[in-house]
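Asker: Quick one: sequence and predicted model below, then my questions.
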Amino acid sequence: GSSGSGNHFVEFGVLTVEESDAGSPLGLPAGTYLALMSHSGSRGAGAAVGDHYSRIAMDLHPGLDKQHKHLAWLDLNAQPGREYWDAMNLMGCYASANHAGIHDHIARHLGAEAIASVENHHNFAWEETHTVDGVEETLIVHRKGATPAGEGVLGVIPGSMADPAFIVVGKDGAGS
């Protein structure tokens, strides 16, 4: 079913938890479960926020040539950068609420109850601490839809119409 435009979707599938996965952070015993997967965002509002602040960033860096103007940035210590950071996080909360609403609505109509949940933001940035050249640094990390892979962090690797999706647990390897 459709939950918006573009690549947003809602679908049912089968989740298989193997014996070797029984101790995972998902918290489910080995078995086969009916699963509901959705890919949904902030329903256009987040894109509008991103576009608005991208234009501000480009205006603040008029010296960038045409092929690099979309790489313009905002200083998170300046007002436009702080505004964007707050607006992006608000849109992340809004997207999360949309995701929860979709799942709650479907579960209610099925007379079912969710026993586990995994959620990953996409088109989002996180403030994280990483070791760079032996020095711990606080960085802003944007994965453009990729799943964070910190130790014990649950993630989703979506499939396609022909391939299954996977729920994964991060191992906190180099570059995660």
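Answerer: Looks like it arrived, so ask away. Predicted model only: the values in this text are computed from it and were never measured.
Asker: contacts, neighbours, all on C-alpha from now
Answerer: Will do.
Asker: Any stretches of this protein with poor pLDDT?
Answerer: Within the chain, the stretches with pLDDT under 70 are 1-7, 22, 145, 172-176.
Asker: hey, where'd the strands end up in it?
Answerer: Listed in chain order, the strands of the chain (DSSP state E) span 9-17, 31-39, 125-132, 135-142, 154-157, 166-169.
Asker: export those to TSV and tack on mean neighbour count and distance to Ile56?
Answerer: Below are these laid out as TSV (neighbours: other C-alpha atoms under 10 Å; distance: least, C-alpha to C-alpha, whole Å):
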stretch	mean neighbour count	distance to Ile56
strand 9-17	14	31
strand 31-39	15	29
strand 125-132	13	18
strand 135-142	12	19
strand 154-157	18	33
strand 166-169	16	37
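Asker: Which among those is found nearest to Gly92?
Answerer: strand 125-132 (9.6 Å; C-alpha to C-alpha).
Asker: Just want the angle from the closest one to strand 135-142.
Answerer: 150 degrees (axes from the mean of the first three to the mean of the last three C-alpha atoms, to 10 degrees).
Asker: hang on, the earlier thing: for the strands of the chain, which one sits closest to Ser24?
Answerer: strand 166-169 (7.4 Å).
Asker: Tell me who's in contact with the residue nearest to Thr138 when sequence neighbours are not counted.
Answerer: The shortest distance from Thr138 to any non-neighbouring residue, by C-alpha to C-alpha, 6 or more residues apart in numbering, is to Thr129 (4.4 Å). Going by C-alpha atoms under 8 Å, 6 or more residues apart in numbering, Thr129 touches Glu136, Glu137, Thr138, Leu139.
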